[in-house]
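[1] below are the sequence and a predicted model; questions follow.
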Amino acid sequence: MRLTREFYERNTILVARDLLGKTLVYNDKGNIYKGRIVETEAYINAKDDGAHFNKGITDRTKIIDEAGGHIYIYTIYGMYLLFNIVAEKKGIHGAALIRAIEPIEGIDKMYENRYKKEFNNPPRKEIINLTNGPAKFVMAYGMTKSDYGLDLVTSEKIWVEDSPRLSLDKIVRSKRINIDYATMAKDYLLRFYIKDNPFVSKK
DNA sequence: CTGATGATGTTCT
DNA sequence: GAACATCATCAGA
């Protein structure tokens, strides 16, 4: 069953944590991609100088103002896309960055998207490298900037399947990655990942 | 295995 | 004009 609005319209940190273990489904013109979310980060509000929308809403970040469940996808370093899920009720700002996924379905297609070559008994290392980073899984799924603003609650193209909640001893909480530009919020423990999962981007 | 470096262009000042 | 929620590649150990 797909997650409903109630799931996303909660506290951003809880949304980020509870997304672990859920299945992100993407239907790109009949090609089905499924993967288990294994790593997330929360970006919160005025107290978080690591968040893009910390100093107010711009063209890039305007979707953050919408209800939880919308997609915030943006370009970074000129060449990569990062995928976020908006959290909180409309008017409250927060988002969860998906940092890594474990492939479940459509692996051969993900492989072609990432490496531009045919899937033929590849080494384990190449499989891990498909989706163990925030820009990597977006490339593997074949997402584009036109997915900006889609609604995970109603879209026919993309949604998140529910699954039993993980026990808390399987979840690790740590500092976020590569936000050295932040000062006050740099050391907030807003990153979550599944313990011992090989697709997590970093220890 | 680790750490350093270049790629590349949108967004914001 | 600078910064940037990253990745692939290469050098060195």
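    Yep, that arrived. Numbering: from 1, shown residues only, chains lettered A, B, ... in the order given.

[2] quick check: the closest residue to DNA strand B within chain A vs residue A:178, distance?
    At 2.6 Å from DNA strand B, residue A:78 is the closest residue in chain A, using CB to the nearest atom of the strand. The way it works is simple: take the backbone N, C-alpha and C, and place the C-beta from them, glycine included. Residue A:78 is 16 Å from residue A:178, where distance means CB to CB, to the nearest Å.

[3] so which bits of chain A are right by DNA strand B?
    Selection of chain A residues close to DNA strand B by CB under 7 Å from any atom of the strand yields A:52, A:55, A:58, A:59, A:60, A:61, A:74, A:75, A:76, A:77, A:78, A:79.

[4] tell me the contacts of residue A:72?
    A:61, A:63, A:64, A:83, A:84, A:85, A:86, A:95, A:148 (CB atoms under 8 Å, 6 or more residues apart in numbering).

[5] which one is it nearest to, not counting chain neighbours?
    Leaving aside its sequence neighbours, residue A:72 sits nearest to residue A:84 (CB to CB, 6 or more residues apart in numbering; 4.1 Å).

[6] which stretch of helix or strand covers that neighbour?
    Element membership of residue A:84 [criterion: DSSP states H and E] is strand A:80-86.

[7] each with direction, which strands does that strand pair with?
    If you go by DSSP bridges, strand A:80-86 pairs up with strand A:71-76 (antiparallel), strand A:95-105 (antiparallel).

[8] and residue A:169, how many residues sit next to it?
    Using other CB atoms under 10 Å, residue A:169 is surrounded by 7 other residues.

[9] give the helix, strand or coil label for it.
    The local conformation at residue A:169, judged by DSSP: H, G, I helix; E, B strand; the rest coil, is helix.

[10] not counting sequence-adjacent ones, nearest residue to it?
    Distance criterion CB to CB, 6+ apart; nearest residue to residue A:169, sequence neighbours excluded, is residue A:195 at 7.7 Å.

[11] that neighbour and residue A:170 touch, don't they?
    Yes. The pair residue A:195 / residue A:170 is scored as a contact, 5.2 Å apart, by CB atoms under 8 Å.

[12] still on that earlier bit, lowest pLDDT pick from the residues of chain A next to DNA strand B?
    Among the residues of chain A next to DNA strand B, residue A:55 has the lowest pLDDT, at 90.

[13] burial count for it?
    Applying other CB under 10 Å, we find 10 residues neighbouring residue A:55.

[14] residue A:136 too?
    Residue A:136 has 21 nearby residues by other CB under 10 Å.

[15] now do the SS call for it.
    Of the three states, residue A:136 takes helix under three-state DSSP.

[16] the one 4 residues further on now?
    For residue A:140, the secondary-structure state derived from three-state DSSP is helix.

[17] could you find the closest non-adjacent residue to it?
    residue A:110 is the one closest to residue A:140 (CB to CB, 6+ apart), at 3.8 Å.
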